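1. A structural model of the following input is requested.
(chains A, B, C and D)
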2 protein chains.
Amino acid sequence: MNTIKQLGYIAMGTRLRMLTDKFITDADKIYNSLDVDFEPRLFTVFYLINQKKSITITELAEQLGYTQPAVTQIANVLISKKLINSVKEKKDSRKKILTITKKGEDLLLELIPVWQDIENSVKELINETGYDVLFVLSKLESELEKKDIFTRVMEKTKKRQIEEVKIFEYSSDSPGDALYKKELNKNFRDLNYEWIKKYFKVEKEDKKQLENPGKEIIEKGGIIFFAEYKDMIAGTAALLKKEDNSYELAKMAVRDEVQGKQIGKKLGFAVIDKVKQLKCDKLYLETNASLTPAINLYKSIGFEEVEMKDPSKYERATFRMNYNFKK
Amino acid sequence: MNTIKQLGYIAMGTRLRMLTDKFITDADKIYNSLDVDFEPRLFTVFYLINQKKSITITELAEQLGYTQPAVTQIANVLISKKLINSVKEKKDSRKKILTITKKGEDLLLELIPVWQDIENSVKELINETGYDVLFVLSKLESELEKKDIFTRVMEKTKKRQIEEVKIFEYSSDSPGDALYKKELNKNFRDLNYEWIKKYFKVEKEDKKQLENPGKEIIEKGGIIFFAEYKDMIAGTAALLKKEDNSYELAKMAVRDEVQGKQIGKKLGFAVIDKVKQLKCDKLYLETNASLTPAINLYKSIGFEEVEMKDPSKYERATFRMNYNFKK
DNA sequence: TATCTTTATATAAGTGCTTATGCAAATTAG
DNA sequence: CTAATTTGCATAAGCACTTATATAAAGATA
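-> Coordinates of the predicted model:
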């Protein structure tokens, strides 16, 4: 039983559930031992019907934060116990108006002092803890409202995953034996074939670069970047050196299974950093206007759309972006 | 939704339940969105099996504060997911020893960082509240352990009910018209017949007193006490004046429906007070040794068992008690 | 004014526990 | 050493909610 406590923050849910159970089963025991025909779960609904005198199912659900089926079910129990009445609203026959019956009012006379005792008992319990537990609960609720656990965890997980992604370069002066370089070449080729085939067709220029990156990219002063995630090549991108001393970002591909881990972004930043490091201030890319996610990614790392002056080497390239070094 | 908050202490259960739900559903969302085949409810059991390496169902239940069927069910899910193994213990074939499988260990590698993120997120949330929520929870748990809500409410309810019981005397100089006195006589008679018939048979002496209390009790200097609860005569007792200037407490009866409200005790105290007020120091009663609850009641208000010297007027009287005025 | 959408409620099934009970193995008592 | 009791686990059913979906009335749209 102490194990739950030792788990600390991570078992908060279980611990809260256990505490909740104690409150609910105790309330049930109280009604039973006082021989009152009532159940804890009926409380909020019955209480609110009495307070508002007349209210519909949906209104109850909204005010109590229950789902509508929950209120319907509770109301049905109250009706079967003849504690409340339900009549259709005249103007809108979908609505059911709930009111307390005579029997319900009689029961209320019995219940109110019991509720008073429960309230005082909880108040007493809380006083003994020395904390304003109700206020702490409110704080917890409002902080959760601002940002729930799911969002918090997702942020952390994403961050962790990004940190797990390692970017490395493959250029003319990279170390590694032939076998390793062959493996990298294969990854570069396969990753790119995969997405090109998915959306377009493999063009002549693609084949040239992908089948012989050493000669076509590296030897011409370009660099290939790889993203490693969990001992696996998860993405790649190429920085091509052009004759006019500008660079082109091309052949960026990320493995489908690792989407959402910001690998593309990380590759993009690595490419940009490299260009800056090379003291160059001309970097562009060409893509297809239909690839919205990719374009959004490029925008997010600092590329801006420019006019497509000269026709591209690629048929699919209909959209040109330049990196803005000034921003 | 705000209504629950307004209810304050009395809706603590509901409020805790809602908070609990948020924690659990968020955990579920996290596993889903990370594509991990796991559920929140499996957490504690799976975690503990891994920590202890090898543990039985009952041990888990004890350490986690779950019921045994709950652990059995959770373990079965874990087994069906092939995350744990179960083998019978050699020495005691009733016991099932649970251990993590290879697949379970693989999943753990995925889960541990997620759990870490959850833990950090909850920690962060709690920091934002500005309270040591975990400590507040511990306090709440330990105060509940000392005295639970049920006990607290019962104490308050009992006290309230006792206060609602009013004792009044019916003696030669009591006010009230003939009809009212007749009604009191009827109550005195019926209440006593009821319990005498239940355990013994009505004796001649009973009949004399019950059919004519005015002549047989009041006119001889005795007093009849009534307990009124919710506009109803709920109990009665007679104080009989004896020839040797002592008093006898007799004919004490409490209506069945109002048992447990300490009405007998309150009647007893009223009788004792009266005797003291009359400057008398001899008060006794006779009852039957088999009526343990009654004897306990008498003891609790100051009566002590004494030897039964003379035979009683009643056949059923086998047990005599004197009130101890010295204590 | 016919259709399409929205709203109010009902119904069904699922969830994660619980209590109640059954059964077989182990232990204790006479 | 048998018989009664206790222990460990399984199974069934219940509880207090949930989500998903159905149904019918009301309101909006064209």
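2. count of residues packed around residue A:7?
-> Number of residues near residue A:7 (other C-beta atoms under 10 Å in any protein chain shown) recorded here: 20. C-betas here are computed from N, CA, C, even on glycine.
3. Ramachandran angles for it?
-> Reported as degrees, to the nearest 10, the phi and psi values for residue A:7 are phi -70, psi -20.
4. That one contacts residue B:51, doesn't it?
-> No - applying C-beta atoms under 8 Å as the test, residue A:7 and residue B:51 come out as separate, 9.7 Å apart.
5. how about low-confidence regions in the stretch 51-200 of chain A?
-> Residues of the stretch 51-200 of chain A meeting the criterion pLDDT under 70: A:172-176.
6. got the residues of it near DNA strand D?
-> When proximity is defined by C-beta under 7 Å from any atom of the strand, the stretch 51-200 of chain A lies next to DNA strand D at A:66, A:67, A:69, A:70, A:73, A:74, A:91, A:92, A:93, A:94.
7. so who does the closest residue to the second one other than its chain neighbours touch?
-> Read it as residue A:67. Leaving out its chain neighbours, the residue that sits closest to residue A:67 by C-beta to C-beta, 6 or more residues apart in numbering or on different chains is residue A:61, at 6.3 Å. Residue A:61 sits next to A:67, A:68, A:70, A:71 when contact means C-beta atoms under 8 Å, 6 or more residues apart in numbering or on different chains.
8. and the gap between the third one and residue A:287?
-> To tie it back to what came earlier, the one meant is residue A:70. Applying C-beta to C-beta, to the nearest Å, the value for residue A:70 to residue A:287 is 51 Å.
9. Show me which of these two is the more surrounded one.
-> Shown here are residue A:70 and residue A:287; by other C-beta under 10 Å, residue A:287 has more neighbours (21 against 16).
10. Verify the stated contact: the more buried one with residue A:319.
-> Yes - counting by C-beta under 8 Å, residue A:319 is a contact partner of residue A:287 at 5.1 Å.
11. shared neighbours of the two, anything?
-> In terms of C-beta under 8 Å, 6+ apart, residue A:287 and residue A:319 are both contacted by the residues residue A:295.
12. Check the offset of stretch A:97-116 from the chain's centre.
-> 45 Å (C-alpha atoms, centre = their mean, to the nearest Å).
13. Does at least one residue of that stretch sit close to chain B?
-> Yes - using C-beta under 8 Å from any C-beta of the partner chain, stretch A:97-116 reaches chain B at A:113, A:114, A:115.
14. Find the nearest non-adjacent residue to residue A:5, please.
-> Of all residues not flanking residue A:5 in the chain, residue B:138 sits nearest, at 7.0 Å (C-beta to C-beta, 6+ apart).
15. Dihedrals phi and psi, residue A:96?
-> phi -110, psi 120.
16. show me what contacts it?
-> A:56, A:57, A:75, A:86, A:87, A:88, A:89.
17. Residue A:86 should be in a strand, yeah?
-> Yes - the assignment for residue A:86 by DSSP: H, G, I helix; E, B strand; the rest coil puts it in a strand.
18. Quickly list what it is bridged to.
-> Going by DSSP bridges, residue A:86 is paired in beta bridges with residue A:98.
19. Which helix or which strand is home to the residue nearest to residue A:67?
-> helix A:57-64 (DSSP states H and E).
20. Now residue A:68. Nearest residue, chain neighbours left out?
-> Closest to residue A:68 by C-beta to C-beta, 6+ apart is residue A:61, at 4.6 Å.
21. buried set for stretch A:3-11?
-> With burial defined by 16 or more other C-beta atoms under 10 Å in any protein chain shown, the residues of stretch A:3-11 counted as buried are A:3, A:4, A:7, A:9, A:10, A:11.
22. and if you look at stretch A:15-24?
-> So, applying 16+ other C-beta under 10 Å, buried residues of stretch A:15-24: A:15, A:16, A:17, A:18, A:19, A:20, A:22, A:23, A:24.
23. about what we covered before: near DNA strand C, anything from the following helix or strand past the helix holding residue A:61?
-> Sequence-wise, the next helix or strand downstream of helix A:57-64 (DSSP H and E) is helix A:68-80. Yes - Helix A:68-80 lies within reach of DNA strand C by C-beta under 7 Å from any atom of the strand, at A:68, A:69, A:72, A:73, A:75, A:76.
24. name the element whichever residue of the stretch 151-300 of chain A sits closest to DNA strand D belongs to?
-> Ranked by C-beta to the nearest atom of the strand, the top residue of the stretch 151-300 of chain A for proximity to DNA strand D is residue A:151, at 16.6 Å. For residue A:151, the host element (DSSP H and E) is helix A:149-164.
25. Quick one: distance of that helix to the chain centre.
-> 9 Å.
26. still on that earlier bit, of the contacts of residue A:61, closest to residue B:181?
-> Residue B:181 lies nearest to residue A:71 out of the contacts of residue A:61, by C-beta to C-beta, at 54.1 Å.
27. residues in contact with that closest one?
-> So residue A:71 contacts A:45, A:57, A:58, A:60, A:61, A:64 (C-beta under 8 Å, 6+ apart).
28. go again using 7 Å as the cut-off
-> By C-beta atoms under 7 Å, 6 or more residues apart in numbering or on different chains, the residues touching residue A:71 are A:45, A:57, A:60, A:61.
29. quick one: what helix or strand has residue A:125 in it?
-> Applying DSSP H and E, one finds residue A:125 within helix A:102-129.
30. Packing partners of the next helix or strand after that helix?
-> Tracing the chain C-terminally past helix A:102-129 and defining elements by DSSP H and E, one meets helix A:133-146 next. Here helix A:133-146 touches helix B:12-33, helix B:102-129, helix B:133-146, going by 3 or more C-beta pairs under 7 Å, 6 or more residues apart in numbering or on different chains; DSSP states H and E.
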